[in-house]
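Engineer: model this:
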Amino acid sequence: MSPLASVARFFRSLFERRVRGVRVVEAAGFASLVVLVLGVYFAKAGAGAEGAQIADTTRQIATEEQRVRLLRAELSRLEAPERLERLSTQYLGMAPATPKQEAVPDALANLAHPGVAR
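Structural biologist: Next comes the predicted model:
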């Protein structure tokens, strides 16, 4: 008997073999179908959970972006030149420089070290 004939006989007996009136190949096909259905179900359930997590993260990002916009607006208000000028005058007694307090670049060395000849 040739090896090809023995393989053919093995597959024929596999397809014709019955257990409690059900062919083995049909039972294997049904089991494979059940495994595939369960796999798809669990994959979809996992995707649904991930979708909910993505939606939650998107909401968190939107909330943080709103907070960043509010903080930038507050920073802009706090750094306003008019406000800084008013506060520096009110609390520190500072005032804008007078023309007498201005210096030319050549005179800076004498201002930094008075009395030292250069």
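Engineer: I'd like the next helix or strand past the longest helix along the chain.
Structural biologist: Taking DSSP state H as the criterion, the chain has its longest helix at helix 24-78. Counting by DSSP states H and E, the next helix or strand C-terminal to helix 24-78 is helix 81-92.
Engineer: and the angle from that next one to helix 24-78?
Structural biologist: Following axes from the mean of the first three to the mean of the last three C-alpha atoms, to 10 degrees, one obtains 60 degrees for the angle between helix 81-92 and helix 24-78.
Engineer: roughly how far is helix 81-92 from the heart of the chain?
Structural biologist: Taking C-alpha atoms, centre = their mean, to the nearest Å, one finds helix 81-92 lying 41 Å from the centre of the chain it belongs to.
Engineer: Residue ranges in the chain under the pLDDT threshold?
Structural biologist: 1, 117-118 (pLDDT under 70).
Engineer: which strands and helices sit next to the strand or helix carrying Val7?
Structural biologist: If you go by DSSP H and E, Val7 is part of helix 3-16. Applying 3 or more C-beta pairs under 8 Å, 6 or more residues apart in numbering; DSSP states H and E, one finds that helix 3-16 makes contact with helix 24-78. C-beta here means a position set from N, CA and C on the backbone, and glycine is covered the same way.
Engineer: could you check the angle helix 3-16 makes with the helix it packs on?
Structural biologist: Using the same axes, to 10 degrees: helix 24-78 against helix 3-16 is 80 degrees.
Engineer: tell me what helix 24-78 is packed against?
Structural biologist: By 3+ C-beta pairs under 8 Å, 6+ apart, helix 24-78 packs against helix 3-16.
Engineer: I'd like the next helix or strand past the helix it packs on.
Structural biologist: In N-to-C order, the element after helix 3-16 by DSSP H and E is strand 18-19.
Engineer: in its sheet, what does that next one sit against?
Structural biologist: strand 22-23 (antiparallel) (DSSP bridges).
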